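Colleague: no FASTA, just this:
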């Protein structure tokens, strides 16, 4: 009964979210057509109000979808221990909302589930990336940054992981298949890019992503929120990456990082995330063949993006009839 109550409330929230998101689209479309006699400031205020409501609704959905059993368990415990009046209250959606608010920031999110990174391993990774890209100048005082497009002080350049180190090598093998490289997937130079620390922070934080450029073999930076208050980041939007030699990062790693970044932005309710999705999720990034488990992409969309199965398959262009591992 508790689960049925929670699921019924979830249906109501999903319906309201659909209305709110449709309202945002209609408001934007009508304003752009010039059909609304309002100022840009008023339009922006209305959009912000609707987006805040959409964020709150999505946050509730995330908790309800991920913590259904925990919520139902707490309701059942109180119904068993308290009197009939309390049991009636427990069936009310307001009680569920109170529980949801407690689960909005799960306490277990602070658990350290990965082994600490070996500082020496990171130093070796940086050295291998710099060597592979021939990114050092002759005396080692400066290192080439692939986004800036030139040499800058060595202390300001890092070897950014494309697929995060803490995903773990076992998971990487499952995602990408076996590798013959001695350093595996996560620590091989094809999983790194020499870049200025500022760009690495933006890349890790989901503020920028790297997608294919207009010509084959070209890569460019895409700023995921053009309204971001960072003049430096705005300047690199659309900038083509340059390299000092012919070595290049692995396409499958860049594709994986791009998809996960988009899903992270959805999961953490970045304002207007759906308006700033650059091309790339359904586009082909490589020649046909073994590339990345399709089933893994769907699971990522469902767990990282908190999507229903149909949502995940539609976003990623995956048919439910396709073989999982094509």
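Modeller: Sure, I can see it. This is a predicted model, so every value here is computed, not measured. Numbering: from 1, shown residues only.
Colleague: From here on, just use CA atoms for contacts and neighbour counts.
Modeller: Noted.
Colleague: neighbours of the nearest residue to residue 220 once chain neighbours are set aside, just the number please.
Modeller: Excluding the flanking residues, the one nearest residue 220 by C-alpha to C-alpha, 6 or more residues apart in numbering is residue 240, at 4.1 Å. By other C-alpha atoms under 10 Å, 20 other residues sit near residue 240.
Colleague: can you pull out the helices in this protein?
Modeller: 2-33, 40-66, 68-81, 84-90, 93-103, 119-132, 169-176, 197-204, 231-236, 251-267, 294-303, 309-316 (DSSP state H).
Colleague: Just list the residues touching the residue nearest to residue 220, thanks.
Modeller: Listed by C-alpha atoms under 8 Å, 6 or more residues apart in numbering, the contact partners of residue 240 are 147, 213, 218-221.
Colleague: try 10 Å
Modeller: Residues in contact with residue 240, defined by C-alpha atoms under 10 Å, 6 or more residues apart in numbering, are 146-149, 210-214, 218-222.
Colleague: Okay, now the unreliable bits of the stretch 1-150 of the chain?
Modeller: 67, 70-71, 74-75, 77-118 (pLDDT under 70).
Colleague: Try it again at 50.
Modeller: Under the criterion pLDDT under 50, the flagged ranges of the stretch 1-150 of the chain are 84-95, 98-100, 102-115.
Colleague: so which of the helices of the chain comes closest to residue 244?
Modeller: Minimum separation from residue 244 across those (C-alpha to C-alpha) falls at helix 119-132, 10.1 Å.
Colleague: Of all the residues in the closest one, which ones are buried?
Modeller: The neighbour-count criterion (16 or more other C-alpha atoms under 10 Å) identifies 125-130, 132 as the buried residues of helix 119-132.
Colleague: phi, psi of the residue lying closest to residue 245 once chain neighbours are set aside?
Modeller: Spatial nearest neighbour of residue 245, chain neighbours left out: residue 133 (6.1 Å); criterion: C-alpha to C-alpha, 6+ apart. When read as degrees, to the nearest 10, the backbone of residue 133 gives phi -90, psi 0.
Colleague: which residues does residue 133 contact?
Modeller: Counting by C-alpha under 10 Å, 6+ apart, residue 133 makes contact with 144, 146, 189-190, 192-194, 243-249.
Colleague: quick one: which of the helices of the chain is nearest residue 155?
Modeller: Nearest of the helices of the chain to residue 155, taken as C-alpha to C-alpha: helix 197-204 at 9.1 Å.
Colleague: Now do the closest one, average pLDDT.
Modeller: The average of the pLDDT scores along helix 197-204 is 92.
Colleague: between it and helix 251-267, how many degrees?
Modeller: Orientation of helix 197-204 against helix 251-267 (axes from the mean of the first three to the mean of the last three C-alpha atoms, to 10 degrees) gives an angle of 70 degrees.
Colleague: what packs against helix 197-204?
Modeller: Applying 3 or more C-alpha pairs under 10 Å, 6 or more residues apart in numbering; DSSP states H and E, we find helix 197-204 packed against strand 157-161, strand 208-212, strand 219-223, helix 231-236, helix 251-267.
Colleague: neighbours of residue 215, just the number please.
Modeller: When neighbours are counted by other C-alpha under 10 Å, residue 215 registers 7.
Colleague: re earlier: and of the contacts of residue 133, the nearest to residue 63?
Modeller: Out of these, the member with the shortest distance to residue 63 (by C-alpha to C-alpha) is residue 192, at 34.5 Å.
Colleague: hang on, that closest one packs against residue 131?
Modeller: No - assessed by C-alpha atoms under 10 Å, residue 192 is found out of contact with residue 131, at 11.3 Å.
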